[in-house]
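> this one's sequence-less:
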């Protein structure tokens, strides 16, 4: 009899925990995605204004904001599939592949834009005279293109041809 009470109490706590996780997923993911999309769009608009276009580090932050917008948008199909339409990915293998591609590219760009921004700030602080003459916005744009173009090409194969 004592074991039955323990089993029922334990099952109730598992059910409550599972319900809490489902509620958290139902509310947290769209709030996170919405805040991420809105905040990063505002950042992208600010960093693309004319006065900030001439600041060397703002181009890294602009690409960072845009990649974060794509990553936040990429959260939504998985949330819709988990909470509402359980068959979103059934028969639509293309959605899965596109979502995988966007996730890979956005994650990679996020990491490398933070790294490029940090390196640019390191040189600006430690070598200010060389930084003023050598690091122009054109150099920043070249570095961004050297990161973005290979990433866009590299993740085509694992996203579209390996994923089944």
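That came in fine, so what should we check first? Because the structure is predicted, anything quoted here is derived from the model rather than measured. Residues are numbered from 1 along each chain as shown.
> next structured bit after the host helix or strand of residue 140?
Assigned by DSSP states H and E, residue 140 falls within helix 137-154. Moving toward the C-terminus from helix 137-154, the first helix or strand encountered (DSSP H and E) is helix 156-157.
> spatially central residue for this structure, please.
For the chain, the residue sitting closest to the mean C-alpha position, by CA atoms, centre = their mean, is residue 71 at 3.1 Å.
> contact partners for it?
36, 102, 103, 106, 107, 110 (CB atoms under 8 Å, 6 or more residues apart in numbering). The C-beta positions use only the backbone N, C-alpha and C, and glycine is treated the same way.
> reformat those as JSON lines; add secondary structure and neighbour count.
Shown next, in JSON lines, are these (DSSP: H, G, I helix; E, B strand; the rest coil; neighbours: other CB atoms under 10 Å):
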{"residue": "36", "secondary structure": "helix", "neighbour count": "17"}
{"residue": "102", "secondary structure": "helix", "neighbour count": "18"}
{"residue": "103", "secondary structure": "helix", "neighbour count": "17"}
{"residue": "106", "secondary structure": "helix", "neighbour count": "21"}
{"residue": "107", "secondary structure": "helix", "neighbour count": "17"}
{"residue": "110", "secondary structure": "helix", "neighbour count": "17"}
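> closest to residue 59 out of the residues you listed?
Using CB to CB, residue 110 comes nearest to residue 59 of the contacts of residue 71, at 15.1 Å.
> what mean pLDDT does stretch 146-162 have?
Stretch 146-162 shows a mean pLDDT of 90.
> kindly apply the preceding question to stretch 26-45 instead.
94.
> any idea which element the residue nearest to the centre of the chain lies in?
Assigned by DSSP H and E, residue 71 falls within helix 58-83.
> tell me how far that helix is from the chain's mean position?
Taking CA atoms, centre = their mean, to the nearest Å, the mean C-alpha location of helix 58-83 is offset from the chain mean by 4 Å.
> buried stuff in that helix?
58-75, 77-79, 81 (16 or more other CB atoms under 10 Å).
> rewinding a little: include distance to residue 96 when you put the contacts of residue 71 into JSON lines, please.
Putting the contacts of residue 71 into JSON lines (distance: CB to CB, whole Å) gives the following:
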{"residue": "36", "distance to residue 96": "21"}
{"residue": "102", "distance to residue 96": "11"}
{"residue": "103", "distance to residue 96": "10"}
{"residue": "106", "distance to residue 96": "16"}
{"residue": "107", "distance to residue 96": "16"}
{"residue": "110", "distance to residue 96": "21"}
